[in-house]
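A.B. asks: Take this sequence and fold it.
(one chain, ligands or ions: 1)
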Amino acid sequence: MKLGFIGLGNMGLPMAKNLLAAGHELTVWNRTQAKAAPLRDKGARVAGTPAEAARGAEAVFTMLSDDHAVEEAVFGSEGLHSGLGKGAVHVSSSTISVALSERLTEAHASAGQGYVSAPVFGRPDAAEAKQLWVVAAGAKAEVERCRPLLEALGRGLTVLGERASAANVVKLSGNFLIASMMEALGEAFALTRKSGVEPKVFLEVFQSVFARSPIFERYAQLIAAEKYSPAGFTMRLGLKDVGLALDAGRAAEVPMPLASLLRDSFLSGVAQGHGDLDWSALGALVAERAGLKRGSS
Ligand SMILES: NC(=O)c1ccc[n+]([C@@H]2O[C@H](COP(=O)([O-])OP(=O)(O)OC[C@H]3O[C@@H](n4cnc5c(N)ncnc54)[C@H](OP(=O)(O)O)[C@@H]3O)[C@@H](O)[C@H]2O)c1
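C.D. replies: Residues are numbered from 1 along each chain as shown. Next up is the predicted model:
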């Protein structure tokens, strides 16, 4: 296909390389033009403006830092929006806000252009090795038209439906999970280290018990199904254990904000009479605070 690619940073450059390697014809634009040189050497055309990269293309990717960068490259003078032809699709892979994704949906639709939101999971090395996971949403026909492009970027693709901004919600939720996991890992490593356990020893326990284990998968299934009973491990016991971890943290002078938050959540669950539910009913407490009813989606 005839493609445009806007944004050749750590992620954009390897993604664009993979589209070229898949046999597509590429016109690229980057604010700092020198970064386009490796692609020019591989046969890509280098455009002087985002509009020029979009002109005549069937689909144009953007992979830019943030909302501001995407707004400038799309709606600025000589922006993508002014160059993209009717029926051509903007594929937005940057991690941007849900609000901007909705604005892009409307702006492209009113110009007779398509819009597919397709953020990616994976770091630059994964992009280079074609190991990204893409989450895509948008009008069905447009997503299907872009499927071969999205498949050329990674090891797989989840299509989320016709509301483009759903892909941005999923991407942001995924990054929230990673950030929470890192905070939890950081707190656990700090507590064990300050208590005299070598990080490499705790890492060995972590790798043997938690990493690549079905634990995360299992809890995600329970929360998704809202199946908190019968309990495999009760919330009351969860409260006890997080309390014990906090006691140990206090003794070792290790602040553990995530553990404090968890203690209050478990305590609230027990106070509401849910102490005998599975401790994964943490998911139910969060859902309730968000005004969600059991069993509704
Ligand atoms: N790195 C990761 O592991 C990763 C993983 C998944 C998703 N993401 C997301 O992917 C997107 C790109 O990330 P990255 O790591 O590739 O970032 P990066 O290396 O910092 O590249 C940012 C790109 O945005 C361009 N840019 C920034 N401000 C601009 C502006 N005002 N106008 C025009 N272009 C502008 C930069 O151009 P210049 O070259 O001129 O600076 C560059 O091409 C981000 O939304 C990020 O959250 C990153």
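A.B. asks: what about stretch 38-58, average pLDDT?
C.D. replies: Regarding stretch 38-58, the rounded mean pLDDT is 97.
A.B. asks: quick check, that stretch touching the ligand?
C.D. replies: No - Stretch 38-58 lies out of reach of the ligand by C-beta under 6 Å from any ligand atom, never closer than 8.1 Å. For glycine as for every other residue, the C-beta is placed from the backbone atoms N, C-alpha and C.
A.B. asks: chain center to that stretch: distance?
C.D. replies: 27 Å (C-alpha atoms, centre = their mean, to the nearest Å).
A.B. asks: Stretch 56-72 too?
C.D. replies: Counting by C-alpha atoms, centre = their mean, stretch 56-72 comes out at 17 Å from the chain centroid.
A.B. asks: okay, how far is it across it, tip to tip?
C.D. replies: 20 Å (C-alpha to C-alpha, to the nearest Å).
A.B. asks: same question, stretch 58-69
C.D. replies: First residue to last in stretch 58-69 (C-alpha to C-alpha) measures 22 Å.
A.B. asks: Same question for stretch 107-120.
C.D. replies: 23 Å.
A.B. asks: Ok, stretch 153-172 next?
C.D. replies: End-to-end distance for stretch 153-172: 20 Å, by C-alpha to C-alpha.
A.B. asks: buried set for that stretch?
C.D. replies: For stretch 153-172, burial by neighbour count (16 or more other C-beta atoms under 10 Å) applies to 153-154, 157, 159-160, 164-171.
A.B. asks: Hmm, His81 is touching Glu71, no?
C.D. replies: No - at 10.1 Å, His81 does not count as touching Glu71 under the criterion of C-beta atoms under 8 Å.
A.B. asks: What is the least confident helix or strand in this structure?
C.D. replies: helix 215-225 (a mean of 87; mean pLDDT, DSSP states H and E).
A.B. asks: Can you list the neighbours in contact with it?
C.D. replies: Val209, Lys227, Tyr228, Asp278, Ser280, Gly283 (C-beta atoms under 8 Å, 6 or more residues apart in numbering).
A.B. asks: The stretch 1-150 of the chain: helices as residue ranges?
C.D. replies: 12-21, 37-41, 50-54, 67-75, 80-83, 98-110, 124-128, 140-151 (DSSP state H, counting those that start in this stretch).
A.B. asks: Would you mind getting the angle between the fourth one and helix 98-110?
C.D. replies: Using axes from the mean of the first three to the mean of the last three C-alpha atoms, to 10 degrees, the interaxial angle of helix 67-75 with respect to helix 98-110 works out to 10 degrees.
A.B. asks: Let me know whether the helix ranked longest in the chain sits next to the ligand.
C.D. replies: In the chain, with assignment by DSSP state H, the single longest helix is helix 165-194. No - Helix 165-194 lies out of reach of the ligand by C-beta under 6 Å from any ligand atom, never closer than 7.6 Å.
A.B. asks: Can you name the element that comes right after that helix?
C.D. replies: Proceeding N to C from helix 165-194, the next assigned helix or strand is helix 199-209, under DSSP states H and E.
A.B. asks: Would you mark the buried spots in that following helix?
C.D. replies: Those would be Phe202, Phe206, for helix 199-209 by 16+ other C-beta under 10 Å.
A.B. asks: cool, and stretch 14-27?
C.D. replies: Those would be Pro14, Met15, Ala16, Lys17, Asn18, Leu19, Leu20, His24, Glu25, Leu26, Thr27, for stretch 14-27 by 16+ other C-beta under 10 Å.
A.B. asks: JSON lines please, covering those residues and showing pLDDT and distance to Phe176.
C.D. replies: Compiled in JSON lines, these are given as follows (pLDDT from 0 to 100; distance: C-beta to C-beta, whole Å):
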{"residue": "Pro14", "pLDDT": "97", "distance to Phe176": "25"}
{"residue": "Met15", "pLDDT": "98", "distance to Phe176": "23"}
{"residue": "Ala16", "pLDDT": "98", "distance to Phe176": "28"}
{"residue": "Lys17", "pLDDT": "98", "distance to Phe176": "29"}
{"residue": "Asn18", "pLDDT": "98", "distance to Phe176": "27"}
{"residue": "Leu19", "pLDDT": "98", "distance to Phe176": "29"}
{"residue": "Leu20", "pLDDT": "97", "distance to Phe176": "33"}
{"residue": "His24", "pLDDT": "98", "distance to Phe176": "33"}
{"residue": "Glu25", "pLDDT": "98", "distance to Phe176": "37"}
{"residue": "Leu26", "pLDDT": "98", "distance to Phe176": "33"}
{"residue": "Thr27", "pLDDT": "98", "distance to Phe176": "35"}
